[in-house]
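> mind looking at a prediction? Sequence and model below.
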Amino acid sequence: MGKFLTTRAENYSEWYNEIVAKAGLAEHSAVRGCMVIKPHGYGIWEKMQQNLDRMFKETGHVNAYFPLFVPKSLFEAEEKNAEGFAKECAIVTHYRLKADPENPGKLMVDPNAKLEEELVIRPTSEAIIWNTYKGWIQSYRDLPLLINQWANVVRWEMRTRLFLRTAEFLWQEGHTAHATKQEAVEETERMLDVYADFVENYMAVPVLRGIKTANERFAGADETYCIEAMMQDGKALQAGTSHFLGQNFAKAFDVKFADATGKLDYVWATSWGVSTRLIGALIMTHSDDNGLVLPPKLAPLQVAIVPIHKGDEELKTISEKIEPVVKALRAKGISVKYDNDDKSRPGWKFAEYEMKGVPVRLAMGMRDLAAGNIELARRDTLTKEVVPFEGIADRVEKLLEQIQHDMFEKAKKYRDEGSHHVNSYEEFKKVLDEKGGFIYAHWDGTPETEEKIKNETKATIRCIPLDNKLEDGSCIYSGKPSKQRVVFARAY
RNA sequence: CGGGGUGUAGCGUAGCCCGGUAUCGCGCCACGUUUGGGACGUGGAGGCCGUCAGUUCGAAUCUGGCCACCCCGACCA
């Protein structure tokens, strides 16, 4: 099997861009910093949405929708949140255009149509949602309030990369309100588990679950939980976050409830989100030089069937044999395409489905038909074998499960081999430059040390793992005592 | 916003140093032969060489401005 990506890519970024382009996932729009998600890329997002949405519902959440625009006065209500996002906001200041008297045929912003109050295009929705929750919550009987929103948000990033960081992106954001701190913390952890479950069992991407240091915490949160994945270039990617917001937003928006005894208190909050960035994680975890490799559970198309024939008669004979297989696979809930398009040849189709990451390919020609066989190829290993036609649908069903499993194990092995323990700053820098990956090291717990290491090496603390075992040691930078190792990495 | 690079047909490119109206491959169209890993033959269509100005008899090529994109930084939950 040949390589279909060019070898032009001189670094991982260019290689990534090439996969995104050739698999037909997305492209840069003419609009500054924005992305056009193409049908195949959007199909993956739809599969993600379907599965996540089901998982949210299973954990008691419902969907709703809130406005795109956040009046500036609401936006600034929670000070830390506002400060954290202030530098990357797009702002609507006017509501009308008019003909430009100095440039015929052109339009200009009508200076008379200036808004009394500017509208911030949501970079996240805590402010608008908590302003709304204020009217929804009076009593403990109104709690918990468990709502999710599927939406777009805008963050004016200086430098963009398809799926990983674009000016506008798609995501879901859950915003919940609770009567007690404990309940809110449990919700935060529950949703982190939902994310870890989804990313590991659907995306086949292994993650570390942990909490962020104060430096890396969400603006306005008391605690940020995260899942961190390792990409094939050894850099870390934050795949999802779940925030315990304490009473910060309840206080900023004056959201109080009466408990069973009639006593008033502020409610406790969480928020959590994952975005189209997950598609970037998928690409950078599984792709190879032949293109995208999709885990079966998220592949918009799971099985492609290619007939190999000379002339219409042969095609007809093969089609009659294949039709029942298509039906049998669909009956199992497997998405399948029988590609009998005569305008392109088999080799072209093989390469095309490979680039797009279709997990399983079946091919049948007269030779197989006569022998009672069919050719079965898997994308993840690029292997193929001729197998009995009898029982092929069951076999494909099992193979899809096998591929899902194998892809996770392969990624996990890569992640584990790219994880290192170091005990000195010298060793830290050496491993970081030569190997990259996750580096477990002792840290004195101060933001100052973290900041200095970041400035000197570009590595940040990705998380303090939740299942961390305690271990006495000394900080690699300051030498001060430390009770546990934290995970450092260079990150996207 | 800094540092580097690139703009030539739908895509990828040669030509630029050393000025004379553009090369090659893929793709596209027609016909024929083909079809087990991106088929082959023959014929054909497609370009104001990013843009504006300057130098020159003459500019893809030299000079200057501008614009766009890419990579590396700065920035980024």
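Arrived safely, thanks for sending. Numbers count the residues shown, from 1 in each chain, chains lettered A, B, ... in the order given.

> what residue is smack in the middle of chain A?
The centroid of chain A falls nearest to A:Leu278 when counting by CA atoms, centre = their mean (1.7 Å).

> that residue touches A:Leu237, doesn't it?
No - counting by CB atoms under 8 Å, A:Leu278 does not reach A:Leu237; the two are 9.3 Å apart. Every residue, glycine included, has its C-beta placed from N, CA and C.

> how about the residues of the stretch 101-250 of chain A near RNA strand B?
Proximity of the stretch 101-250 of chain A to RNA strand B, by CB under 7 Å from any atom of the strand, involves residues A:123-124, A:155, A:157-159, A:161, A:165, A:212, A:216-219, A:238, A:241.

> again, only using 6 Å
With CB under 6 Å from any atom of the strand as the criterion, the stretch 101-250 of chain A meets RNA strand B at residues A:Pro123, A:Thr124, A:Glu157, A:Met158, A:Arg159, A:Arg165, A:Glu216, A:Phe218, A:Ala219, A:Gln238.

> quick one: residues contacting the third one.
With contacts defined as CB atoms under 8 Å, 6 or more residues apart in numbering, the neighbours of A:Glu157 are A:Gly33, A:Glu88, A:Arg165, A:Thr166, A:Ala167.

> how much space separates it from A:Ala167?
6 Å (CB to CB, to the nearest Å).

> what do those two both touch?
Counting by CB under 8 Å, 6+ apart, the residues touching both A:Glu157 and A:Ala167 are A:Gly33.

> mind listing what A:Gln172 touches?
Counting by CB under 8 Å, 6+ apart, A:Gln172 touches A:Gln49, A:Leu52, A:Asp53, A:Phe56, A:Asn148, A:Gln149, A:Trp150, A:Ala151, A:Gly273, A:Val274, A:Ser275.

> would you confirm that the fourth one contacts A:Val194?
Same thing as A:Phe56. Yes - between A:Phe56 and A:Val194 there is a contact under CB under 8 Å: 7.2 Å.

> out of the contacts of A:Gln172, flag the one nearest to A:Ile305.
Sorting the contacts of A:Gln172 by distance to A:Ile305 puts A:Gln49 at the head of the list, at 26.9 Å, by CB to CB.

> following element in sequence after the helix or strand containing that closest one, please.
Element membership of A:Gln49, judged by DSSP states H and E, is helix A:39-58. Counting by DSSP H and E, the element after helix A:39-58 in chain order, helix or strand, is strand A:62-63.

> now that next one, how far from the centre of its chain.
Distance of strand A:62-63 from the chain centroid (CA atoms, centre = their mean, to the nearest Å) equals 20 Å.

> how near is A:Asn148 to RNA strand B?
Per CB to the nearest atom of the strand, to the nearest Å, A:Asn148 is found 16 Å from RNA strand B.

> could you find the closest non-adjacent residue to that residue?
Nearest non-adjacent residue to A:Asn148, counting by CB to CB, 6 or more residues apart in numbering: A:Gly174, 4.5 Å away.

> any idea what sits nearest A:Leu292, other than its immediate chain neighbours?
Counting by CB to CB, 6+ apart, the residue nearest A:Leu292 is A:Gly357, at 3.4 Å.

> element containing the residue of the stretch 201-350 of chain A found nearest RNA strand B, please.
Residue of the stretch 201-350 of chain A nearest RNA strand B, by CB to the nearest atom of the strand: A:Gly347 (2.9 Å). A:Gly347 is part of helix A:346-356 when elements are defined by DSSP H and E.

> what ranges does chain A have for its helices?
All helices of chain A, identified by DSSP state H, fall at A:12-22, A:39-58, A:72-75, A:79-85, A:126-136, A:181-201, A:248-252, A:277-286, A:311-331, A:346-356, A:366-371, A:392-417, A:425-434, A:447-457.

> among those, which is the most enclosed?
Compared across those, helix A:277-286 shows the largest average neighbour count, a mean of 24 (mean count of other CB atoms under 10 Å).

> list the beta-bridge partners for A:Ile227.
Counting by DSSP bridges, A:Ile227 forms beta bridges with A:Arg209, A:Gly240.

> residues contacting the closest residue to A:Asp406 other than its chain neighbours?
Among residues not flanking A:Asp406 along the chain, A:Asp380 sits closest, at 6.2 Å (CB to CB, 6+ apart). If you count contacts by CB under 8 Å, 6+ apart, A:Asp380 has them with A:His286, A:Val293, A:Pro359, A:Ile403, A:Asp406, A:Met407, A:Lys410.

> what do you get if the cut-off is 10 Å, keeping everything else the same?
A:204, A:286, A:288, A:293-296, A:357, A:359-360, A:402-404, A:406-407, A:410 (CB atoms under 10 Å, 6 or more residues apart in numbering).

> one more: A:Ser242?
Contacts for A:Ser242 (CB under 10 Å, 6+ apart) come out as A:174, A:187-196, A:209, A:211, A:218, A:221, A:223-227, A:270-274.

> go with 8 Å
Counting by CB under 8 Å, 6+ apart, A:Ser242 has contacts A:Thr188, A:Glu189, A:Met191, A:Leu192, A:Tyr195, A:Thr224, A:Tyr225, A:Cys226, A:Thr270, A:Ser271, A:Trp272.

> can you count the residues close to the closest residue in space to the second one that isn't next to it in sequence?
What it means is A:Glu189. Spatial nearest neighbour of A:Glu189, excluding adjacent residues (CB to CB, 6+ apart): A:Tyr225 at 6.7 Å. By other CB atoms under 10 Å, 27 other residues sit near A:Tyr225.
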